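Asks: coords please:
(3 chains)
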Amino acid sequence: MAHADLVASLREAGVNRGDLVALVVTPALGYGLAAAGRTWAVPGVAAEVGRADEALRPRWVTWSGQAAARLAADGVRLATGWDIAAAHRLLFGGWRADPGWAWARIRRLDTDAMPASGPPDLFGMDEGDGTDPVAPDGHLRPAWTGGGWADRPDRIARWAGLALTTAELQREALSGLEDRPMALPTVRAESTAELLCAELSADGLPMDRAVAERVLTSLIGPRPRSEAEAASLRAARDAEVLRHLPAGVTADLRSPVQLRTLLGRLGMDVPDTRAERLRALRDAHPIVGALLEWRKAERIATTYGYAWLDQHLGADGRLRGAWTGSDGAAGRMTASAGLHNMPAALRPAVVAAEGHVFVRADLGQIEPRVLAAVTGDPALTAATRDDDLYAPVAAQLGVDRPTAKVAVLGAMYGQTTGHGAQALRRLSTAYPVAMAYLDSADRAGQAGRDLRTYGGRLIVLTAAEPRSSSRAAAYGRYARNAMIQGAAAELFKVWAVTVRARCASLGARIVLCLHDELLVHCPGEQAQAVARLVDDCLREAAGRWAPGCGVRFISDTAIVRSWSDAKHGT
DNA sequence: GATTTCACGTA
DNA sequence: CGTACGTGAAATCC
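Replies: Numbers count the residues shown, from 1 in each chain, chains lettered A, B, ... in the order given. Below you'll find the predicted structure:
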């Protein structure tokens, strides 16, 4: 089939807006597509798929974010997707989501004998009936899951066909989930978030190298010109700490064991040498303060130093890492290259490109608001009408705001210590529906019963084997936290993909997602429009994620040149 | 050489 | 005795 006919072919096959169309991408031979029981092998013209997306707006089925990554590399940004790995993670939990595994689980095949997803077994494509991707036992053949489909057009098309049927089975399973009516829309958002992740990985975060180097210089000194110079700088930093020791006494500061022994010899008995522990001993010995300073610099030097910059900051001024749409637990996005844990000191280096700005928006008090939405607790829902949710909660409980905040957070995170006990009882009286929900999650965690978040994500707890009451309590905390964190992640992703869709025409691109914060990069003249759109998108997202819940979500939105720039309001 | 532990940054 | 992630170095396992 000539690629120019793609739109016509899909039309002829009866593809309408929102219909599932499977798409597999191989760099060498092009694309494979499947829809409505038909398959195509398409020579690799990325733009043609882009045109089909605009003309027909189907929902593109992919096995994983890899396809989206290849498309993004070709400059193609699809509107919506059905990501089999994302749907699988939501349905079944856990990290593993390769095609063979997703295929087996949705068909309830026996997975006990399945090999771990290791290096693919590439022989066997031609042995026996190896041309059939499905083995007699119903599993996908390793030769196919390992990429053996990518070398011939007919196999590429066949692979797309398998993706389509897998996605259809997933859709069916999601529709049948008891008490989780939002599972299907959630998977759609999660899938499109995978497209966003591919773009985040490809685009990177704008960063000013000169500013970054200045920050590093101020924290750890100038860039060492050689390995020897690096070593002597390191030694000089160590000496600042070691000079507090009596003559003849020394230790490797990088070794927690040696450090603990050393502190013991100086009369400070500590169970570990964490910063928080050391801070309490600041006045006990002059070495402690020096040690804390050393730790701070050492962290920057080893993890976020010049090597980090060289490794992840491209010549185009973009800091790139790998993004995944969902972690293995509650479903938050993850990013590598330090994008999610960059020290605040380096944020001034995150600067918009020439003529551009960032619209920086973060959700306020997202977790208690999400709790109100997923439980429908009327009193807590009423509290979300306030910009500061903790103010009405404090009034309701008859305590001050800090106490109210600690109590609410403690209830969501399972904190049992401190003087939260009494406030907790009052919480149960004031917000019985919300608190019962958390209690029930806690009990399920302790008992090892699986849970599903509001959007249907499976929280696996059956594997948990508590051998002590403290262990059981830990699973209880994990469970109640996962229900909140997971639901918050679901709302966040609906928000993010909405922003992605609505802002694209303004030349705006999301460049960072940080659990409850969006950083959108856009031309300066569009800043106001994008900022308004981001806020509108939050209302739209909340309305689609939890229709009619009545919960108010708020965003602190600001136009800034640098990520570190102060936000208005607070 | 691979895996676990410790520590610490972010939310 | 709030959880999640990614990371780097040391410690430990095999």
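Asks: Remind me what the lengthiest strand in chain A packs against, helices and strands.
Replies: The single longest strand within chain A, with elements called by DSSP state E, is strand A:356-364. If contacts are counted by 3 or more CB pairs under 8 Å, 6 or more residues apart in numbering; DSSP states H and E, strand A:356-364 sits against strand A:517-523, helix A:527-545, strand A:554-560. From N, CA and C alone the C-beta is placed, and that goes for glycine too.
Asks: neighbouring contacts of the helix or strand that comes right after that strand?
Replies: Reading on from strand A:356-364 to the C-terminus, the next helix or strand found by DSSP states H and E is helix A:366-375. The list of residues contacting helix A:366-375 from outside it, by CB atoms under 8 Å, 6 or more residues apart in numbering, reads A:363, A:377, A:380-381, A:383-384, A:389-390, A:393, A:408-409, A:412, A:433-434, A:436-438, A:453-454, A:483-485, A:487-488, A:491-492, A:516, A:542, A:545-546, A:549, A:551-554.
Asks: Restricting to those residues, which residues neighbour DNA strand B?
Replies: Restricting the contacts of helix A:366-375 to those near DNA strand B by CB under 7 Å from any atom of the strand leaves residue A:516.
Asks: among the contacts of helix A:366-375, which ones are buried?
Replies: Buried by 16 or more other CB atoms under 10 Å: A:363, A:377, A:380-381, A:383-384, A:389-390, A:393, A:408, A:412, A:434, A:437-438, A:453-454, A:483-485, A:487-488, A:491-492, A:516, A:542, A:545-546, A:549, A:551-554, out of the contacts of helix A:366-375.
Asks: quick one: which of those residues sit in helices?
Replies: A:380-381, A:383, A:390, A:393, A:408, A:412, A:434, A:437-438, A:483-485, A:487-488, A:491-492, A:542, A:545 (DSSP state H).
Asks: what angle do the longest strand of chain A and helix A:527-545 make?
Replies: If you take axes from the mean of the first three to the mean of the last three CA atoms, to 10 degrees, strand A:356-364 sits at 30 degrees to helix A:527-545.
Asks: Now do the same for whichever residue of the stretch 101-250 of chain A sits closest to DNA strand C: its pLDDT.
Replies: Of all residues in the stretch 101-250 of chain A, residue A:234 sits closest to DNA strand C, at 9.9 Å by CB to the nearest atom of the strand. We have a pLDDT of 90 for residue A:234.
Asks: What number of residues are in the vicinity of residue A:512?
Replies: Using other CB atoms under 10 Å, residue A:512 has 23 other residues around it.
Asks: returning to what we had before: look at the residue of the stretch 101-250 of chain A closest to DNA strand C and give its secondary structure.
Replies: helix (DSSP: H, G, I helix; E, B strand; the rest coil).
Asks: ok, and the closest non-adjacent residue to it?
Replies: The shortest distance from residue A:234 to any non-neighbouring residue, by CB to CB, 6 or more residues apart in numbering, is to residue A:301 (7.6 Å).
Asks: what does residue A:86 give?
Replies: Distances taken as CB to CB, 6+ apart put residue A:190 closest to residue A:86, at 4.4 Å, once the chain neighbours are dropped.
Asks: what do you get for residue A:472?
Replies: In space, and not counting its chain neighbours, residue A:472 is closest to residue A:466: 3.9 Å by CB to CB, 6+ apart.
Asks: quick one, what contacts the one you found?
Replies: Neighbour list for residue A:466: A:446, A:448, A:472, A:474, A:475 [criterion: CB under 8 Å, 6+ apart].
Asks: Kindly report the residues of chain A close to DNA strand C.
Replies: Counting by CB under 7 Å from any atom of the strand, chain A comes close to DNA strand C at A:252, A:254-258, A:302-303, A:308, A:321, A:324, A:327-330, A:332, A:334-338, A:340-341, A:413-417, A:470, A:473-474, A:477-478, A:481-482, A:485.
Asks: how does it look with 6 Å?
Replies: A:254-255, A:257-258, A:302-303, A:321, A:327-330, A:334, A:336-338, A:340-341, A:413-417, A:470, A:474, A:477-478, A:481 (CB under 6 Å from any atom of the strand).
Asks: contacts with DNA strand B among these, please.
Replies: Contacts with DNA strand B within these, as defined by CB under 6 Å from any atom of the strand: A:340, A:341.
Asks: Go ahead and build a PyMOL selection from the buried members of the residues of chain A next to DNA strand C.
Replies: Applying 16+ other CB under 10 Å to the residues of chain A next to DNA strand C, the buried members can be selected in PyMOL as follows:
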select buried, chain A and resi 321+329+330+334+337+338+340+414+474+477+478+481
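Asks: hmm, back to that, where does the residue nearest to residue A:472 land in three-state SS?
Replies: With three-state DSSP as the basis, residue A:466 sits in coil.
Asks: In contact with the most centrally placed residue in chain A, which residues?
Replies: Residue closest to the average C-alpha location in chain A (CA atoms, centre = their mean): residue A:333, at 0.4 Å. Residue A:333 sits next to A:193, A:197, A:323, A:324, A:325, A:326, A:327, A:489, A:492, A:493, A:513, A:515 when contact means CB under 8 Å, 6+ apart.
Asks: Assign residue A:155 to helix, strand or coil.
Replies: What three-state DSSP gives for residue A:155 is helix.
Asks: Was I right to think it contacts residue A:148?
Replies: Yes - the criterion here is CB atoms under 8 Å, and residue A:155 meets it with residue A:148 at 7.4 Å.
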